[in-house]
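>>> only geometry, no sequence info:
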């Protein structure tokens, strides 16, 4: 269990200002975002790397998915979903355009949806 105080001290070690802002906002927002803040405040080697095939298996049409890490392009995505992640590979971004899926940063999603309504966190 990681406390809010521990997360605040971990933010100081982050050199990426956008990531630090994301963690800070997530810690202040609703409870589901706290889970994302805990993951992102830790070491980068513990971030998730999900392929599009993994996202395809775990989602329904119209879902909003949060990946606390990077989205990779292995596999195909056949349904329209909204993917929120720290980063996304260029080839995965091109595959998302084919299904008219949307990709945004976690920071943008927290600002738009602070209560985390309808959000699935995938690891």
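Structure received. Quick caveat, the model's predicted, so the values are computed rather than measured. Numbers count the residues shown, from 1 in each chain.

>>> For the rest of this, base every contact and every neighbour count on C-alpha atoms.
Noted.

>>> in what helix or strand does residue 111 lie?
Assigned by DSSP states H and E, residue 111 belongs to helix 106-112.

>>> Could you do residue 39 as well?
helix 31-41.

>>> tell me what that helix is packed against?
helix 4-11, helix 17-28, strand 64-72 (3 or more C-alpha pairs under 8 Å, 6 or more residues apart in numbering; DSSP states H and E).

>>> tell me how far the last one is from the chain's mean position?
The chain centre lies 4 Å from the centre of strand 64-72; the measure is C-alpha atoms, centre = their mean, to the nearest Å.

>>> which outside residues touch that strand?
36, 39-40, 47-52, 59, 81-89, 91-92, 106, 118-123 (C-alpha atoms under 8 Å, 6 or more residues apart in numbering).

>>> can you give me the angle that strand makes with helix 31-41?
Using axes from the mean of the first three to the mean of the last three C-alpha atoms, to 10 degrees, one finds that strand 64-72 and helix 31-41 are set 20 degrees apart in direction.

>>> Show me what counts as buried in strand 64-72.
64, 65, 66, 67, 68, 69, 70, 71, 72 (16 or more other C-alpha atoms under 10 Å).

>>> Spell out which strands sit alongside that strand in the sheet and which way each one runs.
Looking at strand 64-72 with DSSP bridges, its partner strands are strand 48-51 (parallel), strand 82-88 (parallel), strand 119-121 (parallel).

>>> For residue 11, which non-adjacent residue is spatially closest?
residue 20 (5.5 Å; C-alpha to C-alpha, 6 or more residues apart in numbering).

>>> which residues touch the residue of the chain positioned farthest from its centre?
When each C-alpha in the chain is compared with the mean C-alpha position (C-alpha atoms, centre = their mean), residue 5 comes out farthest, at 21.9 Å. Residue 5 sits next to no residue when contact means C-alpha under 8 Å, 6+ apart.

>>> for the helix holding residue 111, packing partners?
Using 3+ C-alpha pairs under 8 Å, 6+ apart: helix 106-112 touches helix 17-28, strand 82-88.
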